[in-house]
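Chemist: Compute the structure for the input listed below.
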Amino acid sequence: MRRYSTTTSAPATDPAAPFVALDFETADRGSDSACALALVRVAGVRITDRLLLMIRPPRARFEFTWVHGITWASVRGEPTFAEHWPAIERFIAGASFLAAHNASFDRAVLAGCCGAAGVPAPDHDYRCTVQLARRAWGLRPANLPAVCAHLGIPLGHHDPASDAEACARIVIAAREHGHDLGPPLGARERRRP
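Modeler: Okay, here's the model as predicted:
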């Protein structure tokens, strides 16, 4: 398998730096149970590419169909995360950071899926748009529907393509209004000896 660099091309503090927003939907409580992944690539303040992947998770048990509407029947014939990995790796290559709403969840799912697939998890920094919305606009609650309503961003909540695009547009709005994106998720933990 050909390897693609996931090193950053520009610092995240650069307002023109490319980034990728992502949103996972999971089948069950396992971090390796992704059943859908949407990725949105942004350069500066412009969306330049989108990718939606339906994923066959490792188990047929679906606990969260009631949230996202995805069933085993709808993904059992889809590629696994491992089979999708080369396309994911290409899509995020060169991104200065990955953004997600409640980024600790998406980071854990990406790590869990990479671990199950036997590939190293990307070492990108993560920016959490929940934290960004609280810091930039003082929003509480800062769930995705509330932030999108405040910013006038259309949202089909729990549709991964819509959620990922909304996340990208939150970062774009912060950039357009000159808000600091803040430290990467877990920055304090990484600095500890």
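Chemist: This protein: helices as residue ranges?
Modeler: Ranges of helices within the chain are 65-68, 72-75, 81-92, 103-117, 129-137, 144-151, 160-176, 187-191, based on DSSP state H.
Chemist: count of residues packed around the closest residue to residue 135 other than its chain neighbours?
Modeler: Counting by CB to CB, 6 or more residues apart in numbering, residue 182 is the residue found nearest to residue 135 once chain neighbours are left out, at 5.6 Å. To be clear about C-beta, it is placed using only N, CA and C from the backbone, and glycine gets the same treatment. Look at residue 182: counted by other CB atoms under 10 Å, it has 16 neighbours.
Chemist: I'd like the distance between the closest residue to residue 130 other than its chain neighbours and residue 117.
Modeler: Closest residue to residue 130 apart from its sequence neighbours, by CB to CB, 6+ apart: residue 142 at 4.8 Å. Note on residue 142: its distance to residue 117, by CB to CB, to the nearest Å, is 32 Å.
Chemist: For those two, indicate the residue with more neighbours.
Modeler: Taking neighbours as other CB under 10 Å, residue 142 and residue 117 compare with residue 142 leading, 21 against 18.
Chemist: Run through the residues that contact the most centrally placed residue in the chain.
Modeler: The chain has residue 22 as the residue nearest its centroid, 2.1 Å off, counting by CA atoms, centre = their mean. Counting by CB atoms under 8 Å, 6 or more residues apart in numbering, residue 22 makes contact with 37-40, 98-100, 106, 110, 164, 167.
Chemist: Kindly state the beta-bridge partners for it.
Modeler: residue 39 (DSSP bridges).
Chemist: From the helices of the chain, pick the one with the highest average neighbour count.
Modeler: helix 160-176 (a mean of 23; mean count of other CB atoms under 10 Å).
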